[in-house]
Each structure stands twice: as structure tokens, then as C-alpha cells.
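S.K.: attaching a predicted model along with its sequence, questions to come.
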Amino acid sequence: MTRIYILLGNLRPKYVAYAKRYSRDKFEIDEVVQELMLYFMNMNPDTLKAIYKKDGEKGLVGYGCVVIRRSLTSPRSPYFYKIDKYYTRISSLYGTHSSQDHKDIKNALENIPNPDDTGVPEFERLEEIDAILDTMYWYDRDVFKLYYYEGNTLDSLAKKTKISRNSLFTTIDNVRNKIKTILNERKEE
């Protein structure tokens, strides 16, 4: 298995070259290729061995290219849920940017927290939200974090936790509204 993992590491330049067909953003390409490497590491070793035994290096390259293409083109890909959707939600949740320009935001140097019109840097606002979450009931806090911080969908979260989708939605919506209310009250002070 170690030999296959070493080979996968050596194939990284090929994966990067393939990802450039779908994106010109260097940061996005690096993220996608890194996610691919994690995908291979978490993959069933027997499946990985079978791919290698059947087609060798060509099979690994082909399989990796399929994963990259899906990652960059499908809104149902793990990459979308883990990375792309996360930045869209963070942007829309805190009202800092529109969801249309989230790709530019996540990769730009301007993404470093800057003071907004209230004079409070964004990272302090995130710390403030974390502090608010720490005061909430553990169940509400953990469900909210699983949904927003880990990028789960309601369906995947319902499947993992065995809690109904409607119950999860209600909990997340209530927590989100409480956070907004508290932040708005603090802003008015």
C-alpha cells in the first residue's frame, strides 16, 4: 500500500495539470488536489489496490481525474460541501459579501479580516458568535456547528445523527435567529 501512496504523491503534478482545465484559480486547484489526496487516503485500500492492479498508474490518474472533474463541476461533490459551500455560507451568514463573489473572496488577500463599517474586525465577530454559541444549550450548539462549521447538509446530518431533518432544520433556524438577535442588540448598544 505504501508504494501506491508514494505513486499517488508523485502523480500530483498530473492532477494539478488536469485541474487547470476546469479552473484558473491556483488556490482552488491546490485545494481540489489536496482533497483528492485525502480522498485516496480515506479510500478503501482494497478498492485502491484493485484500481492499481487493473490499470496501474494510468488507472490511478484516470480515477483521480474523474474525482477532480466532479469536485470542480458538481454541486453535490464532497469538495463543494466541504469548501465551496462553507465559504458561501460564511459569507451569507455574516452578511459580509454576496454569494456571487464568494470564490473571489475566499482566494483574495482581502479575505484577511478587516474592520467593517462598525469598526469590528470580522475575526472578532466570529469569536463573538462562538462566545454566543458557548452560552447555548449543548444540543443546539453542536447541531449548529455540525451544520455550518463542518459543511453537512440537512440530509447527511439527519442520516449521521438519526435525528429527523425537520427537527434539525428547526434547531438550526432557531440558533441562527438567536445569534442574529443578540448581535443586533449588541450593535445597537
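M.R.: Alright, I've got the coordinates. Residues are numbered from 1 along each chain as shown.
S.K.: flag every buried residue along the longest helix along the chain.
M.R.: Assignment by DSSP state H gives helix 45-73 as the longest helix of the chain. Neighbour counts over helix 45-73 (16 or more other Cβ atoms under 10 Å) mark 48, 51-52, 60-61, 63-65, 67-69, 71-72 as buried. In short, each C-beta sits where N, CA and C put it, glycine included.
S.K.: most widely separated two among the residues you listed?
M.R.: Distance extremes for these: the farthest pair is Y52 and L72 at 24.2 Å, using Cβ to Cβ.
S.K.: next, the buried residues of stretch 5-18.
M.R.: Neighbour-count burial for stretch 5-18 flags 8, 11, 15-16, 18 (criterion: 16+ other Cβ under 10 Å).
S.K.: same thing with stretch 179-189?
M.R.: Across stretch 179-189, burial judged by 16+ other Cβ under 10 Å covers 179, 183.
S.K.: all helices for the protein, in order.
M.R.: 2-10, 12-19, 26-42, 45-73, 78-79, 85-94, 102-107, 122-134, 138-148, 154-161, 165-188.
S.K.: mind picking out the helix or strand in this structure with the poorest mean pLDDT?
M.R.: The helix or strand with the lowest mean pLDDT-type score in the chain, counting by mean pLDDT, DSSP states H and E, is helix 102-107 (a mean of 45).
S.K.: can you redo the buried residues of stretch 5-18 as a markdown table with distance to K180 and pLDDT?
M.R.: Formatted as a markdown table, the buried residues of stretch 5-18 follow (distance: Cβ to Cβ, whole Å; pLDDT from 0 to 100):
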| residue | distance to K180 | pLDDT |
| --- | --- | --- |
| L8 | 44 | 88 |
| L11 | 46 | 91 |
| Y15 | 41 | 91 |
| V16 | 41 | 91 |
| Y18 | 42 | 89 |
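S.K.: great, nothing more from me.
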